[in-house]
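[1] Okay, here's the prediction I keep looking at, along with the sequence it came from:
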Amino acid sequence: MDNLVSIEEINRAHRELSNWGRWGDDDQIGTLNLVTPECIAAAAQLSQQGKVFALGASLKWPLQTGGATARWNPIHTFMRDGADICCMPVDQQNQYTDDAIYMPLQCSTHWDALCHVFHCGEAYNGRKAGQFGSDGAGFLGIDRTAGKLVGRGVLLDVARYKGVQHLDFEYAITNDDLDACAHQQGVQVRSGDFVIIRTGYQEKFISEGNWHGHSTSAAPGVAFENCRWLRERDVAGVASDTYAVEVVPVGAVGYNFPWHAVVIPGIGVSVGEMFYLKELAEDCAQDGIFEFFFCSPALNLPGGTGSPSNPYAIK
């Protein structure tokens, strides 16, 4: 494995890049504090063409197919369908259908809450794992992001920058890759931005029509050093079209996802995964505009460790 990270590196990055206490001891939204009303107002001005791109994966795509993942694909059932209507008396006025969905909160396009990842038993801002009971977290839940996951979005189309349909599985995106991609696109990453990284990973599965291993296989993603890139630029949120954002496999003893162990509990960054980026990327490549108004509300679920979302990029 070429992407090894030592425990010492993880601990050092967690310590040096920590945002604990930056916005007060009671802070529960981390880098979303960087998204000021001024940032949002400026981002709204980026909507010049009235083009809306939905970045949520179809809930019919079996992203959790195969492998040893503990998550499952959404189960969509109907309590009332057309047959129920047909069986009603002809003079029945209230005719309707009704359905339900059963799914893990992180099985498709979603955000990780700050209570999702702990490092040495502690979550962001020093919250202890022992405070997280079976009825949910009383802190750092996804509900804390209500009204916060909105602002300037920047697409970094690394696959297109590299001239490929999709990055090789296990390709580690370096900080230099991100900077060079942004330079080529003529876009600048600013404080409070939502950075969205395209690798082409998801599109490979779509084109092949075979989802086996999607959420368990090797995958391209950012190298561990990216945690410093995010902190230096004060990024509010980061997302990608893969299931982990960071490169897989990577790790040290006891850490399958070392980037997560620093970015979420240390820096307090909101992390989005499995975004659908094909159409947005094609449009950005066509008009040369890689910034947009971004809006991606999560469910207002107190104590939730994550939430599905159908993000919008509006140009």
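    Looks like it came in fine.
[2] Any regions of the chain where pLDDT drops low?
    Applying pLDDT under 70 to the chain picks out residues 1-3, 67-69, 251-253.
[3] please redo it, this time with the cut-off set to 80
    Scanning the chain for pLDDT under 80 picks out the ranges 1-3, 66-69, 90-93, 136-137, 251-254.
[4] the strands in it, which residues?
    Taking DSSP state E, the strands of the chain run over residues 52-54, 75-80, 98-102, 110-112, 150-157, 172-173, 194-198, 221-222, 237-240, 270-273, 291-295, 306-308, 312-314.
[5] what's the most buried one of those strands?
    Highest mean neighbour count among these (mean count of other C-beta atoms under 10 Å): strand 221-222, with a mean of 30. Placement of C-beta: from N, CA and C, glycine included.
[6] and stretch 248-256, how far apart are its ends?
    One end of stretch 248-256 sits 8 Å from the other (C-alpha to C-alpha, to the nearest Å).
[7] give the contact list for the spatially most central residue of the chain.
    Among the residues of the chain, the one closest to the centroid is Gly272, at 0.6 Å (C-alpha atoms, centre = their mean). Going by C-beta atoms under 8 Å, 6 or more residues apart in numbering, Gly272 touches 109-112, 196, 237-240, 245, 296, 309, 311.
[8] For it, give its distance to Arg160.
    20 Å (C-beta to C-beta, to the nearest Å).
[9] ok, now Gly209?
    To Arg160, Gly209 is 23 Å away according to C-beta to C-beta.
[10] Could you give the separation of stretch 163-179 from the chain centroid?
    Computed by C-alpha atoms, centre = their mean, to the nearest Å, the chain-centroid distance of stretch 163-179 equals 18 Å.
[11] Can you mark which positions in it are buried?
    Neighbour-count burial for stretch 163-179 flags His166, Leu167, Phe169, Glu170, Tyr171, Ala172, Ile173, Asn175, Asp177, Leu178 (criterion: 16 or more other C-beta atoms under 10 Å).
[12] now the residues you listed as JSON lines including distance to Lys278?
    As requested, those are arranged in JSON lines below (distance: C-beta to C-beta, whole Å):
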{"residue": "His166", "distance to Lys278": "11"}
{"residue": "Leu167", "distance to Lys278": "14"}
{"residue": "Phe169", "distance to Lys278": "18"}
{"residue": "Glu170", "distance to Lys278": "22"}
{"residue": "Tyr171", "distance to Lys278": "19"}
{"residue": "Ala172", "distance to Lys278": "23"}
{"residue": "Ile173", "distance to Lys278": "18"}
{"residue": "Asn175", "distance to Lys278": "25"}
{"residue": "Asp177", "distance to Lys278": "20"}
{"residue": "Leu178", "distance to Lys278": "20"}
